[in-house]
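Enquirer: mind folding the following:
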Amino acid sequence: MPPKKQTALELRKRKGAGPKIAAVTAYDATMARLLDAGGVDILLVGDSLGMVVQGLSNTLPVTVDEICYHGRAVARGTLRAHVVGDLPFMSYQKSPEQAVHNAGRLLKEGACEAVKLEGGQAVAEQVRSIVACGIPVMGHIGLTPQSIHAMGGFRVQGKSAPEAARLLADAQAIEQAGAYSIVLEGIPAELAQKITAALSIPTIGIGAGPACDGQVLVCYDFLGMYRELQPKFVKRFAALGEQIVEATRAYVREVESGQFPAEEHTFRAPLGVLGELSGTEPVVEREKLPAGYGPKADEDA
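Expert: Below you'll find the model as predicted:
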């Protein structure tokens, strides 16, 4: 019996009732299949792929086409998890019409089941328009990577009273616009707790403390595969990066020494098949040919 599919409606019902929502990013079918088997509730096809997959210094160059490409791959590897696609930088900020168009692309072309966008009161109208088209929306406030230049880098937000008040107002505006959940990134735990208590939709934290209704991490971060950076809010549940390096070194050693491939990794031809290799003749030994077939039969004729 297939596992029960997670949906925006089911996830929203978990607000206050639990269990807490576990979300991770995914960018390909193989990783999606493994994470889905591990029981995650949400697979986020994040624009973080710009950094952890493409090797960029930020998320800004990621395109709608790229999210669609990776979204299709993730969807093919998913049975249970709810698949959410990020709306990239400048794919929704211009107008509600632009936001609806690109949100629709993520569902039609990217096989996503919901979209996520960054911002608060400034994008509430975009959220409202997307929701009106029947597309579930996940909000995202606090440290919003698409605003990295305006924020002066990846910096914790909401540390002053005016900033905290603005973020609370942002969260409420996104909820009122119809979002079914909201990511709180890089804000003080106390503020995240206050926002979580003020909303009727689930909050999903990343660097926002334990009071949120769920948590999200980049898959390469919690698996220890993205070794260049380890933010304070990341817990490494495995060290796959080191294991991959060591496995690769072992592979290289065995190839160089001739130890790999061994007999158990090698295919063998059936007995007699390679007895005669001459010109374009069939690769079959003469003595194995059926009676009345072959050059001798021709001579007798």
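
Enquirer: every contact and neighbour count from this point should use C-alpha atoms.
Expert: Will do.

Enquirer: where does this protein dip in pLDDT?
Expert: Low-confidence segments of the chain, defined by pLDDT under 70: 229, 276-301.

Enquirer: quickly list the domain ranges of it.
Expert: The chain breaks down by automatic domain parsing into domains covering 8-236, 239-267, 272-301.

Enquirer: need the winner for burial among those.
Expert: Comparing those by mean neighbour count (mean count of other CA atoms under 10 Å), domain 8-236 comes out on top with a mean of 20.

Enquirer: straight-line length of that one, end to end?
Expert: 28 Å (CA to CA, to the nearest Å).

Enquirer: check stretch 86-102 too.
Expert: With CA to CA as the measure, the ends of stretch 86-102 fall 10 Å from one another.

Enquirer: and for stretch 84-102?
Expert: Stretch 84-102 end-to-end distance (CA to CA) = 14 Å.

Enquirer: contact partners of it?
Expert: Residues from elsewhere that reach stretch 84-102, judged by CA atoms under 8 Å, 6 or more residues apart in numbering: 42-47, 59-64, 67-68, 71, 103, 106, 110, 112-117, 123, 125-127, 129-130, 133, 146.

Enquirer: again with stretch 17-24
Expert: 11, 14, 40-44, 204, 213-219.

Enquirer: against Met90, how distant is the residue lying closest to Ile174 once chain neighbours are set aside?
Expert: Excluding its sequence neighbours, the residue lying closest to Ile174 (CA to CA, 6 or more residues apart in numbering) is Ala124, at 5.5 Å. Using CA to CA, one gets 15 Å for the distance from Ala124 to Met90.

Enquirer: do the same with Phe222
Expert: On the measure of CA to CA, Phe222 and Met90 end up 29 Å apart.

Enquirer: same check on Met1?
Expert: Going from Met1 to Met90 by CA to CA gives 42 Å.

Enquirer: regarding Ser91, what is its secondary structure?
Expert: Assigned by DSSP: H, G, I helix; E, B strand; the rest coil, the conformation of Ser91 is coil.

Enquirer: phi, psi for it please.
Expert: phi -100, psi 0 (degrees, to the nearest 10).

Enquirer: just Ser48 next, same as before
Expert: Backbone phi and psi, for Ser48 under degrees, to the nearest 10, turn out to be phi -60, psi -20.

Enquirer: residues touching it, list them.
Expert: Contacts of Ser48 (CA under 8 Å, 6+ apart): 58-59, 218.

Enquirer: I'd like those residues as a markdown table, with secondary structure appended.
Expert: Formatted as a markdown table, the contacts of Ser48 follow (three-state DSSP):
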| residue | secondary structure |
| --- | --- |
| Asn58 | coil |
| Thr59 | coil |
| Val218 | coil |
